[in-house]
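K.L.:
Sequence plus the predicted model coming up.
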Amino acid sequence: MPTHFQVGVVDASFVPKSGKATYGVDRFYNGKAGRTERGLEISMIAVVDVEQLIGYTLSVQQTPPSLEPINEVPPDRTRVDDYLEHLRATRDAFPAAVRYLVGDGFYSKQKWVNGVVELGLDTIGKLRCDANLKYLYDGPQKPRGARRKYDGKVDLTDLTRWEALGEVEPDTELYAAVVWSVCLKRKIRVVYLLNRKHPERLCYALLFSTDSDLDPLQLFESYRARFQIEFIFRDAKQFTGLTDCQARDKQKLDFHFNASLTALNIAKWEQYQQRDPWEPFVFSMASYKRRKLNQHLIDRFIRNLDLDETLIKSHPNFPSLCD
């Protein structure tokens, strides 16, 4: 991967599957349908280049089905524990430059955040619009008694105590503050994104990081780069057969999921190496697949018609023919 600012990204995706003998079939949330459905789920950890806006799959693991609260399974175990086990198994494979792990609003839970911090990473995520936050008190303390920690509840309609950082996009303003999160039980850096495109109905979003010293603009750009993992899911499902496996065994399903996403990684890396270094890199799996099909078809013509392969492939118009 190119050596730019990189972050880890985690997300899960629904895989439609039926059958009583298939491992892992359970009810999982399907974002496309907006409800839970019967099928499989895979958890993916990817590495995303924030500057180039390109992501590569680092690890994918199938989410196990819900377990009954028997003796060897803690009764308070949730799927967050399964995602944390996946992260622990993958932690040593992270590039040394990766310090932050980005997740969507689902991962803004105390159990997840604490588990990520214990592994030496900082979390970047999204809070609820009604998040319970408190200002930190930094004034003089009383000579006796308990020290004062907080300076009132954060009113998300009053930004006078927030640092204004200007517009990051047209009609989108950014504010930042270091506050205490009641739900996460820790000090966090919060970025407040205010959308003024529709003055009659102002919209806002709250992004956060457990690294209180993180630059707010970098926090915003890192969370925005999180969407690259959605492109990975899309390309794998449309072009490399992620959802086309007919196997039922756990190991065979795991092999298929990893093979599908590895093929996408290889295609993306090959395309990156052939890029124009003076132009922004744009990857299209549809264009890549069409180009490979054209090259395969030309090779068939060369073999079947007994043509001079060197003469044809060294011609200046050969790349245009492949495209």
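P.N.:
Now that the structure is in, tell me what you want to look at.

K.L.:
Pass me the low-pLDDT residue ranges in the stretch 1-150 of the chain, would you?
P.N.:
1-3, 67-75 (pLDDT under 70).

K.L.:
Recalculate using a threshold of 80.
P.N.:
Along the stretch 1-150 of the chain, segments meeting pLDDT under 80 span 1-4, 67-76.

K.L.:
For Ile42, what is the enclosing helix or strand?
P.N.:
Element membership for Ile42, per DSSP states H and E: strand 35-49.

K.L.:
and that strand, what other elements does it pack with?
P.N.:
Here strand 35-49 is seen to pack against strand 6-16, strand 26-30, strand 54-62, helix 79-90, helix 228-239, helix 250-273 when contacts are counted using 3 or more C-beta pairs under 8 Å, 6 or more residues apart in numbering; DSSP states H and E. C-beta: built from backbone N, CA, C; applies to glycine.

K.L.:
how about 6 Å then?
P.N.:
strand 6-16, strand 26-30, strand 54-62, helix 79-90 (3 or more C-beta pairs under 6 Å, 6 or more residues apart in numbering; DSSP states H and E).

K.L.:
tell me which residues in that strand are buried?
P.N.:
Neighbour counts over strand 35-49 (16 or more other C-beta atoms under 10 Å) mark Gly39, Leu40, Glu41, Ile42, Ser43, Met44, Ile45, Ala46, Val47, Val48, Asp49 as buried.

K.L.:
Can you tell me which of those is nearest Leu194?
P.N.:
The closest of the buried residues of strand 35-49 to Leu194 turns out to be Val48 (C-beta to C-beta; 25.2 Å).

K.L.:
So that closest one sits against Thr57, correct?
P.N.:
No. In terms of C-beta atoms under 6 Å, Val48 does not count as a neighbour of Thr57; the distance is 10.5 Å.

K.L.:
CA atoms of the strand or helix carrying Arg300 as PDB?
P.N.:
Here Arg300 sits within helix 285-304, counting by DSSP H and E. Coordinates of each C-alpha in helix 285-304 appear next as PDB, following Å, rounded to 0.1, in the frame of the first residue of the first chain:
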ATOM      1  CA  MET A 285     -13.700  -2.800 -10.900                       C
ATOM      2  CA  ALA A 286     -16.200  -2.800 -13.800                       C
ATOM      3  CA  SER A 287     -13.600  -1.200 -16.100                       C
ATOM      4  CA  TYR A 288     -10.800  -3.500 -14.800                       C
ATOM      5  CA  LYS A 289     -12.900  -6.700 -15.400                       C
ATOM      6  CA  ARG A 290     -13.900  -5.500 -18.900                       C
ATOM      7  CA  ARG A 291     -10.300  -4.800 -19.700                       C
ATOM      8  CA  LYS A 292      -9.200  -8.300 -18.600                       C
ATOM      9  CA  LEU A 293     -12.000  -9.800 -20.600                       C
ATOM     10  CA  ASN A 294     -10.800  -7.900 -23.700                       C
ATOM     11  CA  GLN A 295      -7.200  -9.000 -23.200                       C
ATOM     12  CA  HIS A 296      -8.400 -12.600 -22.800                       C
ATOM     13  CA  LEU A 297     -10.400 -12.400 -26.000                       C
ATOM     14  CA  ILE A 298      -7.400 -10.900 -27.900                       C
ATOM     15  CA  ASP A 299      -5.200 -13.800 -26.700                       C
ATOM     16  CA  ARG A 300      -7.800 -16.200 -28.000                       C
ATOM     17  CA  PHE A 301      -7.800 -14.600 -31.400                       C
ATOM     18  CA  ILE A 302      -3.900 -14.600 -31.500                       C
ATOM     19  CA  ARG A 303      -3.800 -18.300 -30.600                       C
ATOM     20  CA  ASN A 304      -6.600 -19.500 -32.900                       C
END
